[in-house]
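K.L.:
After the sequence you'll find the predicted model.
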Amino acid sequence: MKILIVEDAQHLLTKMLRYFKREGYVCEQANTYQEGVRKLNNYDYDCVLINLGLPDGDGLRLVRMLREEDTQTGIILLSSANQPQERIQGLEEGADDFLAIPFDLGELHARVKAVMRRKTGDFSKILAFGGLLLKLDEHIVLADGIPLNLTKKEFEILLFLARNKNRVVTKESIAEHLWGDYMEDAISFDFIYAHVKNLRKKLAAHGYSDYLKTVYGIGYKFEVA
């Protein structure tokens, strides 16, 4: 999952980035309203955490901007004011949830997961494709009951493709989903080829290589009936 955190308080931003990266999320940051606008105009996110009290603009304007074109991205507002009218206005503008500062990072994480479950309709912790099972909480894959020895990136690629099953996913989309801002530093997509090659080899060892298709010149597709 890819998260954008729009927060100007560096100590709080650092804590959130460290926490969510440790939990396996791809995290990007914006310290100002203007930087938030630029990120939202150029990249896609699963969930956006927005502080209402940004130094150069109202966080609610980011909510309005996002909701004008995007109804799927999860939005959680953060505020130290915690006034009822502020919460009501934020939710009416299109935010999915509101959390007062200070907060427990575990609670914020639980709210992010709850928002995403509502958005995707995915309340299951297991994705099943025949005998291939992806256990999301444990980050493991079973092929006919046998665990596959996948690396973290291999698991993330398989999960991203599986959640977009029967759709062509470009190499650029995979790179952006997995590496966020850092994908721009890559000079090629050799790292994607290498991870997919190893993933396919591990699936093939259990008879599941047909699920992972290469769409030459574009990307990949997780194809199931």
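P.N.:
Perfect, I can see it now. Numbering: from 1, shown residues only.
K.L.:
Tell me which helix or strand comes right after whichever strand or helix holds F160.
P.N.:
Using DSSP states H and E, F160 sits in helix 152-163. On the C-terminal side of helix 152-163, the closest following helix or strand by DSSP H and E is strand 169-170.
K.L.:
Would you mind pulling up the elements that the next helix or strand after that next one packs against?
P.N.:
Under the assignment DSSP H and E, the closest C-terminal helix or strand after strand 169-170 is helix 171-179. Packing contacts for helix 171-179, counted by 3 or more CB pairs under 8 Å, 6 or more residues apart in numbering; DSSP states H and E, involve strand 26-30, helix 152-163, helix 190-204, strand 219-222. Bear in mind the C-beta positions are built from the backbone N, C-alpha and C, glycine included.
K.L.:
For the helix or strand of the chain with the lowest mean pLDDT, which outside residues touch it?
P.N.:
Of all helical and strand segments in the chain, the minimum by mean pLDDT, DSSP states H and E falls on helix 171-179, at a mean of 79. Contacts to helix 171-179, defined as CB atoms under 8 Å, 6 or more residues apart in numbering, come from residues 2, 26, 43-44, 153, 156-157, 160-161, 183, 186, 189, 191-192, 218-220.
K.L.:
ok, 10 Å please
P.N.:
Here helix 171-179 makes contact (CB atoms under 10 Å, 6 or more residues apart in numbering) with 1-2, 26, 28, 43-46, 152-153, 156-157, 159-161, 164, 169-170, 182-186, 188-189, 191-193, 195-196, 215, 217-220.
K.L.:
cool, stretch 98-108 as well?
P.N.:
In contact with stretch 98-108 (CB under 10 Å, 6+ apart) are residues 7, 9, 12, 15-16, 18-20, 22-23, 49, 51-53, 75-83, 86-91, 97, 110-112.
K.L.:
quick one: the strands in the chain?
P.N.:
2-6, 26-30, 47-51, 53-54, 57-58, 74-79, 97-100, 126-129, 132-135, 140-143, 146-147, 169-170, 212-215, 219-222 (DSSP state E).
K.L.:
okay, the angle between the least confident helix or strand of the chain and helix 152-163?
P.N.:
Here the directions of helix 171-179 and helix 152-163 differ by 120 degrees (axes from the mean of the first three to the mean of the last three CA atoms, to 10 degrees).
K.L.:
Surely L142 touches G130?
P.N.:
No. Checked against CB atoms under 10 Å, the pair L142 and G130 is beyond contact range at 11.3 Å.
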